[in-house]
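Trainee: I would like to see how this sequence folds:
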Amino acid sequence: MKVQNITDIEGFFKVVDSCEGKVELVTGEGDRLNLKSKLSQYVSMANIFSNGGIPELEIVAHEPQDIDKLVKFMVLGTGKED
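Mentor: Below you'll find the predicted structure:
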């Protein structure tokens, strides 16, 4: 799934951390970074912010319930659960 304009980075990673399965960031070169790894989170955010913003990311979640969590985050714009 493509995600855009993430403004709550901390909330985004809280949602990622709460996912049961693998959640990956697909780089422009096609590499996949495990976003549940803190090191990958730091590296991916450093690369994104070095470009001046987060225009668009491609995220792959392997479990249907994790996709639902991520979509809910994108719709609400925060890590809050209803």
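
Trainee: CA atoms for contacts and neighbours, from now on please.
Mentor: Noted.

Trainee: On the pLDDT front, check G77 for me.
Mentor: Predicted confidence (pLDDT) for G77: 69.

Trainee: try T27
Mentor: Note on T27: pLDDT of 80.

Trainee: what does H62 give?
Mentor: Per-residue pLDDT puts H62 at 94.

Trainee: Kindly provide the distance from it to D17.
Mentor: Counting by Cα to Cα, to the nearest Å, the gap between H62 and D17 amounts to 14 Å.

Trainee: got it, and K72?
Mentor: As it turns out, when the distance is counted by Cα to Cα, K72 lies 15 Å from D17.

Trainee: do the same with R32
Mentor: Separation of R32 from D17 (Cα to Cα) stands at 17 Å.

Trainee: Give the burial count for the closest residue to L70 other than its chain neighbours, as a bare number.
Mentor: Nearest residue to L70 in three dimensions, chain neighbours excluded: V15, at 6.8 Å (Cα to Cα, 6 or more residues apart in numbering). Other residues within reach of V15 by the criterion other Cα atoms under 10 Å amount to 20.

Trainee: So V15 belongs to a strand, correct?
Mentor: No. Counting by DSSP: H, G, I helix; E, B strand; the rest coil, one finds V15 to be helix, located in no strand.

Trainee: Quick check: it touching D68?
Mentor: No. Using Cα atoms under 8 Å, V15 and D68 do not qualify as a contacting pair, with a distance of 10.5 Å.

Trainee: And the worst-scoring helix or strand of the chain on mean pLDDT, what's buried?
Mentor: For the chain, the helix or strand with the lowest mean confidence is helix 38-50, at a mean of 77 (criterion: mean pLDDT, DSSP states H and E). Of the residues in helix 38-50, those scored as buried under the neighbour-count criterion (16 or more other Cα atoms under 10 Å) are 40-41, 44.
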